[in-house]
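Participant: dropping a prediction and its sequence here:
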4 protein chains.
Amino acid sequence: MLQSFRALAENYSVIFFDAYGVLKNFEGVIDGVVDVLAELKRNGKELFIVTNDSSRSPRKMGRLYQHPDLGELFPEDRVGSPGLLARDFQRSKVKTGNVAYLGKSDSAYYIESAGLTPIPLNHCDEDTQIGAVALLDDEGFDWQPDINRVINLLRSRTMPVVVANADKVYPTHGNEVAVAVGGIADLIESILGKQFVRFGKPDAYMFSYSFARASAITPGVRRKDILMVGDTLETDIRGGNKFGIDTVLTLSGNTAKENYQLLIDASGVIPDYVCESIAT
Amino acid sequence: MLQSFRALAENYSVIFFDAYGVLKNFEGVIDGVVDVLAELKRNGKELFIVTNDSSRSPRKMGRLYQHPDLGELFPEDRVGSPGLLARDFQRSKVKTGNVAYLGKSDSAYYIESAGLTPIPLNHCDEDTQIGAVALLDDEGFDWQPDINRVINLLRSRTMPVVVANADKVYPTHGNEVAVAVGGIADLIESILGKQFVRFGKPDAYMFSYSFARASAITPGVRRKDILMVGDTLETDIRGGNKFGIDTVLTLSGNTAKENYQLLIDASGVIPDYVCESIAT
Amino acid sequence: MLQSFRALAENYSVIFFDAYGVLKNFEGVIDGVVDVLAELKRNGKELFIVTNDSSRSPRKMGRLYQHPDLGELFPEDRVGSPGLLARDFQRSKVKTGNVAYLGKSDSAYYIESAGLTPIPLNHCDEDTQIGAVALLDDEGFDWQPDINRVINLLRSRTMPVVVANADKVYPTHGNEVAVAVGGIADLIESILGKQFVRFGKPDAYMFSYSFARASAITPGVRRKDILMVGDTLETDIRGGNKFGIDTVLTLSGNTAKENYQLLIDASGVIPDYVCESIAT
Amino acid sequence: MLQSFRALAENYSVIFFDAYGVLKNFEGVIDGVVDVLAELKRNGKELFIVTNDSSRSPRKMGRLYQHPDLGELFPEDRVGSPGLLARDFQRSKVKTGNVAYLGKSDSAYYIESAGLTPIPLNHCDEDTQIGAVALLDDEGFDWQPDINRVINLLRSRTMPVVVANADKVYPTHGNEVAVAVGGIADLIESILGKQFVRFGKPDAYMFSYSFARASAITPGVRRKDILMVGDTLETDIRGGNKFGIDTVLTLSGNTAKENYQLLIDASGVIPDYVCESIAT
């Protein structure tokens, strides 16, 4: 049942890759991945990252994948993240001023690039003028005191709240995970009885964003020319399916070889193909 | 605080209208609406319907709005519905064969137009080959026996399930409502522990679909040129906001003049503007 | 790992049985069950049914288990159902008058026995005086038109709503299921944004009700003297555990021998013991 | 519509009080409360606290209410908390050994009093033998690092998890709140896809526990002799109603005079009476 990724990729002109669990893991770039990507590029494939990670700018995320001859395999405009959608949202809905944020200063990039002023939540007091709240990506961030600040702020004022990553957890090392900003947003929403504006796979909007980028580079590209490669049924595969592009599940990350069929049956999320990894 | 819709519309070149509660209600097209639409068209505005109703084909839905001189105000290609996204999904994920559906034969249009064969759920037995299940829009449909059929079918087989309307209820007459297919899908999902593929506002995908249509007609159109007009905070306004277009809440349908500000504060969903109706 | 039920039962003086999947199935009383129950009674055990079924009166439900010599093995006062708690609730909160109900006339027993007047929902109009709504157990009931009536009634009036069975589905024949009143209540609650008063396992209240009955018959009985026997982790075992009595999972109904350990690990609901059935 | 609490109390022989918002607030015991309680005691009423607070032992919680002549108004056996139910659960389901807990050492009282050994989660490593996990009440506790520990622990091992307070937030000062252990438990459950064993109002089990205590002190007491006094519709009033005792909402805490009727209509939770406070 398992396919060879290299053989499969030949049928597509554009490939969307999830990053964590497909291209890299907690130890860094997965062995053999750079060579496969280089081969695809040489064969004329257009490669994009479609990640739920917004903890760094697209440029910093893309820079991880370097090839001796080809250089950066994912230049800035080839990396799509929920932070970019959050940036666009802020640009259109928060015309001017301050955005209070929960997260590290690295992820505040997505506020600054919208032409707004990021203010850490713990620097806000009752008198601070705030146009919106942003829950940014938070690897390694101590969010506990700020959660209570966000809750009390939003109990008394009505303003847009944007969440730059829908994932409930992020992987740390080995098989371990930590609570991510999507989980924190769930908690705050349930306490306030409100729903925030969230970006991230499986939302089809992530895919239409990257599709627009691909169309700009390859005019006339059709959905059937695109393959989404991901390790997670609930985000990569569900989202790619909904957007109408072909999907391949890799068993190099979140989903294990022993029980992938069980998980497909239990969730009802069916990838078009399954590969062990992209490098085998 | 309330704006004049006519004055507001002058600032936009493309206008997206929700249908029920904005253009029509249970008695038919709302008084004065046809005149306003005609005036907008004469002023060069491009008009689109972005509805969650998939109980009829786009053609039948658009045909309701006729002007003595201008004819059909919304030709088929100006009407976007979740059924169209469901059709595209089936086309890409169910390559051939039968789709079992819950709903009336009118809404099966969205299966046929994907090149597939719609089979009513109550005509399926254990031996019927089925490639997918579609929960279609269901006004006035007696779905009770079929719910149990869907549940038992999906307990034993893994296949894609698509839902062509995310709304929990639809309006009937006066202030009354009836359970819609989105509510039925919630119930089945919760029993099966699965999540189906759903289309409909507030999903940004609905807006990117209509945006693509608008771009084909008006090349170079930007999001800031578009106004979304809707009567429901949770679908029209939340979805338009997320997609980054301007939004106006009308008080001619779901949301009443007495408590719209309360509902905005409680939900945290903030329209850019509020109008009494489009015809006043 | 599997225990003998007979050997296990020796350690307890009071035994609570779930009915469906333990004592009976869609074909009637399970073979050998009457003999086991008779043996337990002869050994001085006090036997009770703790069921989520309220589609009939306790008397009718108990009458199913007849022994040639011992007669009815579960007299009326040995059968606990959510309907009895719903009856008590109505008695204390609806002092007088009409209760509109969704369900069959058989289950209206639980309204009449509270001294109130049951009125089928489809006999209610805008002028009917109603003190409460009861969603009763509904095997084989055509509830679709009444759901819309309940929704519209409760959108305009504030009154208590009581649900006499928390289960989402009930078993029909073979391995099949049908939507039960607990699932319907979920749907209505989600549409209205309200939570009703629900009775049924795993709610510890069901167990404290039967514990009070057992204490009346066997004064001084302690929780450690009681064994709960059930085929469903989520209701029988979770509820018994929470109430602090010992629990045994039987594999004669809802939970299959092939995957019970997987289900225990996935749910985190851990029975004290597991038996193939009570009759083996 | 507002009643006098003193006049109302005359009709009952047993009174259950919620603590926070009824008897005390962030500044301490509410003015006039001690006098009212003393008067009730002198009139022969039996008084109990039924709280969701498990951050201290019943003895410490009761000690707050001192009268110059009558001494402690709530001796240890008159204070019911979810921690006591959690203690009973551990006693019956964790026969021996260690219980890893999230919370302050004060709340570990509820583990020790079950005859088990509390071990703070941050002292557990992979080799620690653990029989259960307890999420205890956590005012002022820094739980962020421990949440990740709990999640990773429960991803690899199956064991009972008990939550000693179902509330999502607790009040801090003024109108502010902070995330409570019930909210944290929601987050962890949603990440793991499991449901823990939770105790606290509105669960009827809390009321049946205190009812058993009241019966021990006043043999033959009936439910209609008991009045539940609380400031929160969702816990105090919903729970008291479900248990079948009379309920009075006070407007001295969570629920404000301006909008209590709106909240009753929106939630469908209807108190039998409403009072401004118990001291007016």
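Facilitator: Yes, it's here. Numbers count the residues shown, from 1 in each chain, chains lettered A, B, ... in the order given.

Participant: ok, residue A:192 touching residue A:152?
Facilitator: No - applying CB atoms under 8 Å as the test, residue A:192 and residue A:152 come out as separate, 10.2 Å apart. All C-beta atoms are positioned from the backbone trio N, CA, C, and that covers glycine.

Participant: need the phi and psi values for residue A:268.
Facilitator: With angles defined as degrees, to the nearest 10, residue A:268 sits at phi 70, psi 10.

Participant: and the closest residue to residue A:93 other than its chain neighbours, what does it touch?
Facilitator: Leaving aside its sequence neighbours, residue A:93 sits nearest to residue A:160 (CB to CB, 6 or more residues apart in numbering or on different chains; 5.5 Å). By CB atoms under 8 Å, 6 or more residues apart in numbering or on different chains, the residues touching residue A:160 are A:89, A:93, A:94, A:131, A:132, A:133, A:197, B:241, B:268, B:270.

Participant: now do residue A:129
Facilitator: By CB under 8 Å, 6+ apart, the contact set of residue A:129 is A:97, A:98.

Participant: residue numbers of the stretch 1-150 of chain A in contact with chain B?
Facilitator: Proximity of the stretch 1-150 of chain A to chain B, by CB under 8 Å from any CB of the partner chain, involves residues A:88, A:89, A:91, A:92, A:93.

Participant: one more time with 10 Å
Facilitator: The stretch 1-150 of chain A comes close to chain B at residues A:85, A:88, A:89, A:90, A:91, A:92, A:93, A:95, A:132, A:133, as judged by CB under 10 Å from any CB of the partner chain.

Participant: which non-adjacent residue is nearest the last one?
Facilitator: Closest residue in space to residue A:133, ignoring its immediate chain neighbours: residue A:161 at 4.6 Å, by CB to CB, 6+ apart.

Participant: looking at it, that neighbour is touching residue A:181, isn't it?
Facilitator: No - using CB atoms under 10 Å, residue A:161 makes no contact with residue A:181, being 11.6 Å away.

Participant: list the residues that contact both of those two?
Facilitator: Here residue A:161 and residue A:181 share the contacting residues A:134, A:135, A:198, scored by CB atoms under 10 Å, 6 or more residues apart in numbering or on different chains.

Participant: between these, which is nearest chain C?
Facilitator: residue A:198 (19.7 Å; CB to the nearest CB).

Participant: ok, that closest one touching residue A:183?
Facilitator: No - under the criterion of CB under 10 Å, residue A:198 makes no contact with residue A:183, lying 11.8 Å away.

Participant: find the residues that touch each one of those two.
Facilitator: With CB under 10 Å, 6+ apart as the test, residue A:198 and residue A:183 both reach A:165, A:166.

Participant: picking up where we left off before, any idea how far residue B:248 is from the residue nearest to residue A:93?
Facilitator: According to CB to CB, to the nearest Å, residue A:160 stands 16 Å off from residue B:248.

Participant: in this structure residue A:66 contacts residue A:75, no?
Facilitator: No - assessed by CB under 10 Å, residue A:66 is found out of contact with residue A:75, at 11.5 Å.

Participant: identify the residues contacting residue A:63.
Facilitator: Neighbouring residues of residue A:63 by CB under 10 Å, 6+ apart: A:56, A:57, A:72, A:73, A:74, A:75, A:76, A:79.

Participant: show me which of those residues are buried.
Facilitator: Taking 16 or more other CB atoms under 10 Å in any protein chain shown as the criterion, what is buried in the contacts of residue A:63 is A:56, A:57, A:73, A:74, A:79.

Participant: show me what counts as buried in stretch A:264-277.
Facilitator: The neighbour-count criterion (16+ other CB under 10 Å) identifies A:264, A:267, A:268, A:269, A:270, A:271, A:272, A:273, A:274, A:275, A:277 as the buried residues of stretch A:264-277.

Participant: about what we covered before: including secondary structure, could the contacts of residue A:63 go into TSV?
Facilitator: Formatted as TSV, the contacts of residue A:63 follow (DSSP: H, G, I helix; E, B strand; the rest coil):
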residue	secondary structure
A:56	coil
A:57	coil
A:72	strand
A:73	coil
A:74	coil
A:75	coil
A:76	helix
A:79	strand
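
Participant: of the residues you listed, closest to residue D:209?
Facilitator: Set against residue D:209, the nearest of the contacts of residue A:63 by CB to CB is residue A:56 (51.4 Å).

Participant: for residue A:249, which non-adjacent residue is spatially closest?
Facilitator: Nearest non-adjacent residue to residue A:249, counting by CB to CB, 6+ apart: residue A:271, 4.0 Å away.

Participant: check for me that the one you found belongs to a strand.
Facilitator: No - applying three-state DSSP, one finds residue A:271 to be coil, outside a strand.

Participant: the residue lying closest to residue A:80 once chain neighbours are set aside and chain C, how far apart?
Facilitator: With sequence-adjacent residues excluded and distances taken as CB to CB, 6+ apart, residue A:80 is closest to residue A:210, at 4.3 Å. Residue A:210 sits 33 Å away from chain C, taking CB to the nearest CB, to the nearest Å as the criterion.

Participant: do I have it right that residue A:210 meets residue A:223?
Facilitator: No - taking contacts as CB under 10 Å, residue A:210 lies outside contact range of residue A:223: 11.6 Å.

Participant: out of the two, which sits in the more crowded spot?
Facilitator: residue A:210 (24 against 17; other CB atoms under 10 Å in any protein chain shown).

Participant: get me the contact residues on the stretch 51-200 of chain A for chain D.
Facilitator: Near chain D, when you scan the stretch 51-200 of chain A using CB under 10 Å from any CB, you find A:141-145, A:147-149, A:151-152, A:155-156, A:168-169, A:172, A:174-180, A:182-184, A:186-188, A:190-192.

Participant: just the ones of these in helices?
Facilitator: With helices taken from DSSP state H, the overlap with these comprises A:144-145, A:147-149, A:151-152, A:155-156, A:182-184, A:186-188, A:190-192.

Participant: buried ones among the residues you listed?
Facilitator: A:144, A:147-149, A:151-152, A:182-184, A:186-188, A:191-192.

Participant: between residue A:161 and residue A:181, tell me which one has more neighbours.
Facilitator: Using other CB under 10 Å as the criterion, residue A:161 and residue A:181 rank with residue A:181 on top: 30 against 23.

Participant: ok, the closest residue to residue A:55 other than its chain neighbours - contacts?
Facilitator: In this structure, residue A:55 finds its nearest non-sequential neighbour in residue A:137, 3.9 Å apart by CB to CB, 6+ apart. Residues near residue A:137 by CB under 10 Å, 6+ apart: A:52-56, A:81-83, A:86, A:103-104, A:106-107, A:110, A:163-165, A:167, A:170, A:180-182, A:200.

Participant: which SSE is residue A:137 in?
Facilitator: Using DSSP states H and E, residue A:137 maps to neither a helix nor a strand.

Participant: what does the pLDDT read for the closest residue to residue A:107 other than its chain neighbours?
Facilitator: Spatial nearest neighbour of residue A:107, excluding adjacent residues (CB to CB, 6+ apart): residue A:136 at 3.8 Å. As predicted, residue A:136 sits at a pLDDT of 91.

Participant: residue A:183 too?
Facilitator: Note for residue A:183: predicted pLDDT of 95.
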